[in-house]
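Novice: Sharing a sequence plus its predicted fold:
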Amino acid sequence: MAEQFANVDTVYQTVLALANKEQRGYITPQEFNLFARQAQMEIFEQYFYDLDQVKRGVQTTSSSFSPNLKQILEDYLSKFITTANLTADGAAYSLPNNHYKCSTAMLIVGQDRYNIEKVTRADSLNITSSGYLTKPNVRRPNYYVVGNLFYLAANLEESYASDHTVFYSYFRKPKDPNWTYLVVNEKAIWAPNNSTQHFELDKAEERTLILKILQYAGVSIKELTLTQVAGQADANTTAQQKQ
């Protein structure tokens with residue numbers, strides 16, 4: 001994973017070197033992990049915004065760099081798609097803790113499968129209170145989400161109540177990056193273990209992650225400086241991995 005995705009140690013060492021160069025002072029592992037989590041989530045959320053803009057034919061700063069941006073963004077996001085069978089929680093269904101955004105939802109009743117349409121809460125209430133022909137049913141279900149709860153409108157008959165499943169495909173949140181270490185002579189030393197978590201963004205995002213983390217830390221740097229220091233940090237990490 002460290003080879004395919006942005007390496008948490010490469011990013012941290014670069015951030016430290018640049019912060020020191022700009023006289024920001026030492027950024028602790030705890031600070032870095034917090035900033036890294038925020039930076040990764042910011043980039044992750046931007047993928048959805050950019051993809052929506054591209055699908056709508058809106059010219060973005062990113063789209064001017066790549067004619068294949070739609071495919072690139074879809075490839076990045078496909079790594080985060082996962083599935084779950086939702087568990088009923090009273091009148092609603094609990095969404096997974098790592099849930100970020102729905103991809104598709106399906107109602108399974110016995111051997112039959114029906115796609116569930118996503119609507120707003122207001123639309124769901126209007127549809128449900130409308131005429132008989134437009135009311136949601138098993139064959140024409142809809143849902144809306146409030147917080148971490150999934151509300152299904154399908155007018156399930158009592159016979160179906162215990163014989164149905166909501167199969168949910170969704171985009172999960174990225175795992176929080178975690179730079180792990182040992183303290184030697186009062187200094188934090190990189191020490192990978194079972195708790196180590198590299199970024200879940202593509203390695204090509206290392207530069208952007210570094211810049212965003214530095215921004216969170218209040219460090220302003222020049223692009224040339226970033227290129228020089230990042231190259232050295234990457235070389236140091238590669239040498240450490242070969243030892």
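Specialist: Cool, the structure landed.

Novice: got the buried residues for the longest strand anywhere in the chain?
Specialist: What stands out as the longest strand in the chain, according to DSSP state E, is strand 99-109. Within strand 99-109, the residues that count as buried by 16 or more other Cβ atoms under 10 Å are 99, 100, 102, 105, 107, 109. All C-beta atoms are positioned from the backbone trio N, CA, C, and that covers glycine.

Novice: now do stretch 164-175
Specialist: Buried-residue list, stretch 164-175, by 16+ other Cβ under 10 Å: 164, 166, 168, 170, 171, 172, 173, 174.

Novice: Same check on stretch 9-20?
Specialist: So for stretch 9-20, counting by 16+ other Cβ under 10 Å, buried means 9, 10, 11, 12, 13, 14, 15, 16, 17, 18, 19.

Novice: same question, stretch 194-210
Specialist: 196-201, 203, 205-210.

Novice: returning to what we had before: nearest to residue 32, of the buried residues of strand 99-109?
Specialist: Using Cβ to Cβ, residue 100 comes nearest to residue 32 of these, at 23.1 Å.

Novice: for that closest one, what are its contacts?
Specialist: With contact taken as Cβ atoms under 8 Å, 6 or more residues apart in numbering, residue 100 is in contact with 44, 80, 170, 171, 172, 173.

Novice: tell me the two of the residues you listed that are most distant?
Specialist: 44 and 170 (13.8 Å).

Novice: Can you report the mean pLDDT over the residues of the longest strand of the chain?
Specialist: Mean pLDDT, strand 99-109: 94.
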